[in-house]
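In: After the sequence you'll find the predicted model.
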Amino acid sequence: MSKLAALVSGILFGIGLALSGMTNTAKVQGFLDLFGDWQPDLAFVMGGALLISLGATPFILQRSKPIFAEAFSLPASAVIDRRLIGGGVLFGIGWGLVGYCPGPAIAALAYGTESTVVFIAAMLAGMGLAKLLKLA
């Protein structure tokens, strides 16, 4: 049952990303272009997600455990260190240059564009390199 719930959740998430424009790299880059031709509509997507998360999280965490897992998977540390800042900087650079972050990129694989496949390959290579260098 948990695999079916994960599949349905993933499909709904991907559809939501596509409908909101998060898989459109030009729209994402337009949102990030604050001093150029700024496109603010993704702020509403992110704001809506933030409001839902802020409202639902306290109720969810009142449960003893998640429905389909043995325990909640919460961050073990709240320390802001060089690894966290470096990862955030790399994420931001990649997002700004390409217009993808991991979730929308995976959803955009459904479009079959070569640039998306190249981005996913580069992302996976970077993840592998980070693991090899024990950065992650």
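Out: Received, thanks.

In: Low-confidence stretches in the chain?
Out: Scanning the chain for pLDDT under 70 picks out 136.

In: Quick check: Leu109 touching Val118?
Out: No: assessed by C-beta atoms under 8 Å, Leu109 is found out of contact with Val118, at 11.4 Å. Where C-beta positions appear, they are placed from N, C-alpha and C, glycine not excepted.

In: neighbour count winner among those two?
Out: Per other C-beta atoms under 10 Å, whichever of Leu109 and Val118 has more neighbours is Leu109, with 14 against 11.

In: Name the nearest residue to that one, sequence neighbours excluded.
Out: Residue nearest to Leu109 in three dimensions, not counting chain neighbours: Thr116, with 5.8 Å by C-beta to C-beta, 6 or more residues apart in numbering.

In: Show me what the helix or strand the one you found falls within is packed against.
Out: Per DSSP states H and E, Thr116 falls inside helix 114-132. Contact analysis of helix 114-132 by 3 or more C-beta pairs under 8 Å, 6 or more residues apart in numbering; DSSP states H and E lists helix 82-98, helix 102-108 as its packing neighbours.

In: relative to helix 82-98, how tilted is it?
Out: Relative orientation of helix 114-132 versus helix 82-98 (axes from the mean of the first three to the mean of the last three C-alpha atoms, to 10 degrees): 170 degrees.

In: List the contacts of helix 114-132.
Out: Helix 114-132 is contacted by residues Thr25, Leu90, Gly94, Val98, Tyr100, Pro102, Ala105, Ile106, Ala108, Leu109, Ala136 when judged by C-beta atoms under 8 Å, 6 or more residues apart in numbering.

In: Tell me the one of those residues nearest Ile67?
Out: Ile106 (23.4 Å; C-beta to C-beta).

In: Just give me the neighbour total for that closest one.
Out: Each residue near Ile106 was counted by other C-beta under 10 Å, and the total is 19.
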